[in-house]
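J.: have a look at this fold, sequence not included:
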């Protein structure tokens, strides 16, 4: 019953709007690298939940939280965590409505974000259609590069904090939803996991062109040192929280120009077709390689 | 920032209605007694969340969940847990909207229940007023008696399952809200904790009359064996999830008769006044004795 949602949020019909509700947990085992500041962990906790609202073109309005934490947890940690969470909620004018707090032996924080989107502008994944042009905001791999470095023993505070420093693409999501966006999702779990889900749920594949994929400089640098292929890295690891979306093929240049004129930085990386996923210039992708899930694998 | 909410749910204004949202977690350390069946744990998980909607006179409509669970957790446990959860959601016609699942070293389940209540019928705690008659549904202490037995080493499956077999008072909450109820809350945390919260938030005390408090037979029986005072037990321990509510003093007999004629089983146990809490016939209550919180203290 508990399954990956078909969309980034659950939808409840409210007149002309959909109410959007999402829940996302972070916990000690999976998400919190040693050295990350409590403030940054709190911001990250808020941001991953807000990102799900952004991924449907919505505006976040309310936030709730459930803390399951050890009684031994330093009160100073909680204060700083909450200060980071507050900061991001205030930045996006999201009202905090309270929640629940329980004692448990390990930390898990569950967030709930409630937002809204005009029904006509809600970018559901089911809007995917053959022929659409596939786009991604900004560049992929900055978080991944910090994660690879961290996993390889470079456990600096800078790397730990970089992993957690994500920005929910609220403004981008809203603009894209109003100006020609079709389907949309966030890349929390990596490009590979995302296109696998779309293939599974809608039977449509992606043809991604290697040279069009915007890779962050940091990732090239870390991959050079570690010997990892940067294109495999962006398939297999998540954590970037950029938006993957489509626009219609017809008029795509005009749509792209309009989005760019409104400040959206994005790349057109391929198209949607009826066949299998073909990634990076004709190479058919073997999905068993994909391990991109839960942002990163266990952080230990 | 994470605090006990002033009401059992957060409220969002939606036309003539309040949308009611609550989140409640259960976890390994605090809530799950050894021997409880997975189905029963799933039902309990649903019920504690639905109970918060009932406590405001609302109708539950949607449910979401976030699972933080070990990868080693038996899939059979999860299946049965979900089957118990499904059962209670279907019984109250609550739609499951999905959620999130993450890996962590200990179990915590966070539920989110979304419901609604007409604004005119929403029984907020701030409706408390001097002179109101204080009432409680059904009898207190059946869960507490099982918990006391469990804590004293009688760890039978029956006791473990009895602790978890709560029923959200949805029907009762709705009828009370439409027929003279004033403030309302559920007794998840015990009578002592509830009246302390009301005193702290609204400055009003309760005068509870000993002979009027409906104590379940099981509690008398267990207290006789264990030497615990049953009245202290219902102050200090929660877990019953009965409704504590008030009606106006004026016309209280008529209101009570009407509620009874509609199938509500309840007792009038005292009144609201401006002084300190006086519990059980003139004895001023020393709140430092109260340990009623988080349903039960840690289950170990």
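T.: Sure, I can see it. Since the model is a prediction, treat every value here as computed from it, not as a measurement. Residues are numbered from 1 along each chain as shown, chains lettered A, B, ... in the order given.
J.: quick one: contacts for residue A:250?
T.: Residues counted as contacts of residue A:250 (C-beta atoms under 8 Å, 6 or more residues apart in numbering or on different chains): none. All C-beta atoms are positioned from the backbone trio N, CA, C, and that covers glycine.
J.: give me phi/psi at it?
T.: Per-residue torsions, residue A:250: phi -70, psi 120 (degrees, to the nearest 10).
J.: in which helix or strand would I find residue A:100?
T.: Using DSSP states H and E, residue A:100 sits within strand A:95-103.
J.: which positions in that strand come out as buried?
T.: Of all the residues in strand A:95-103, those buried under the rule 16 or more other C-beta atoms under 10 Å in any protein chain shown are A:96, A:97, A:98, A:99, A:100, A:101, A:102, A:103.
J.: correct me, but the last one touches residue A:73?
T.: It stands for residue A:103. No. Counting by C-beta atoms under 8 Å, residue A:103 stays clear of residue A:73, with 9.4 Å between them.
J.: follow-up on the earlier one: mind listing residues that contact the strand holding residue A:100?
T.: A:61-71, A:86, A:89, A:112, B:1-6, B:10, B:12, B:21, B:23-27, B:29-31, B:108, B:110, B:294, B:298.
J.: which ones among those residues lie within helices?
T.: A:86, A:89 (DSSP state H).
J.: quick one, which of the contacts of strand A:95-103 are buried?
T.: Members of the contacts of strand A:95-103 classed as buried by 16+ other C-beta under 10 Å are A:61-69, A:86, A:89, A:112, B:2, B:4-5, B:10, B:12, B:21, B:23-27, B:29-31, B:108, B:110, B:294.
J.: which SSE is the nearest residue to residue A:140 once chain neighbours are set aside in?
T.: Nearest non-adjacent residue to residue A:140, counting by C-beta to C-beta, 6 or more residues apart in numbering or on different chains: residue A:234, 4.6 Å away. If you go by DSSP H and E, residue A:234 is part of helix A:230-236.
J.: any idea how far that helix is from the chain center?
T.: 15 Å (C-alpha atoms, centre = their mean, to the nearest Å).
J.: for it, which positions count as buried?
T.: For helix A:230-236, by 16+ other C-beta under 10 Å, it's A:230, A:231, A:233, A:234, A:235, A:236.
J.: average pLDDT for stretch A:255-275?
T.: The pLDDT scores in stretch A:255-275 average 97.
J.: if residue A:64 is in a bridge, with which residues?
T.: Beta-bridge pairing for residue A:64 (DSSP bridges): residue A:112.
J.: what residues are up against it?
T.: A:96, A:97, A:98, A:99, A:111, A:112, A:114, B:10, B:21, B:23, B:112 are the contacts of residue A:64 under C-beta under 8 Å, 6+ apart.
J.: at 10 Å instead, please
T.: A:21, A:23, A:49, A:96-100, A:110-114, B:2, B:5, B:10, B:21-23, B:112 (C-beta atoms under 10 Å, 6 or more residues apart in numbering or on different chains).
J.: how about residue A:270?
T.: A:132-136, A:195, A:205-210, A:212-213, A:246, A:277-280.
J.: could you give the bridge partners of it?
T.: residue A:134, residue A:208.
J.: inside strands: which ones of the contacts of strand A:95-103?
T.: A:61-69, A:112, B:10, B:12, B:21, B:23-27, B:108, B:110 (DSSP state E).
J.: can you show me the strands along chain A?
T.: A:10-14, A:17-27, A:59-69, A:95-103, A:108-118, A:133-137, A:181-186, A:205-208, A:243-247, A:266-273, A:278-279, A:283-284.
J.: where among those is average confidence lowest?
T.: strand A:283-284 (a mean of 68).
J.: closest to chain B out of the buried residues of helix A:230-236?
T.: residue A:236 (17.1 Å; C-beta to the nearest C-beta).
J.: go ahead and confirm the closest one touches residue A:141.
T.: No. Judged on C-beta atoms under 10 Å, residue A:236 makes no contact with residue A:141 at a distance of 11.4 Å.
J.: can you give me the separation between residue A:6 and chain B?
T.: Using C-beta to the nearest C-beta, to the nearest Å, we find residue A:6 at a distance of 8 Å from chain B.
J.: next, the contact list for that residue, please.
T.: By C-beta under 10 Å, 6+ apart, the contact list for residue A:6 reads A:124, A:125, A:126, A:197, A:201, A:202, B:98.
J.: mind picking the two most distant members of the residues you listed?
T.: A:202 and B:98 (17.1 Å; C-beta to C-beta).
J.: figure out how far stretch A:200-210 is from the centre of its chain.
T.: Stretch A:200-210 sits 18 Å away from the centroid of its parent chain (C-alpha atoms, centre = their mean).
J.: before we move on, what about stretch A:106-119?
T.: 13 Å.
J.: go on, stretch A:163-177?
T.: For stretch A:163-177, the distance to the chain centre is 9 Å (C-alpha atoms, centre = their mean).
J.: got the end-to-end distance for that stretch?
T.: This stretch, stretch A:163-177, spans 27 Å end to end (C-alpha to C-alpha, to the nearest Å).
J.: list the buried residues of it.
T.: For stretch A:163-177, by 16+ other C-beta under 10 Å, it's A:163-164, A:166-170, A:172-177.
J.: does it come close to chain B?
T.: No. Figure legend: stretch A:163-177 not in contact with chain B (C-beta under 10 Å from any C-beta of the partner chain); closest approach 15.7 Å.
J.: average pLDDT across that stretch?
T.: pLDDT averaged over stretch A:163-177 gives 96.
J.: likewise for stretch A:79-91?
T.: So the average pLDDT for stretch A:79-91 ends up being 97.
J.: shared neighbours of residue A:103 and residue A:73, which are they?
T.: In contact with both residue A:103 and residue A:73: residue A:67, using C-beta under 10 Å, 6+ apart.
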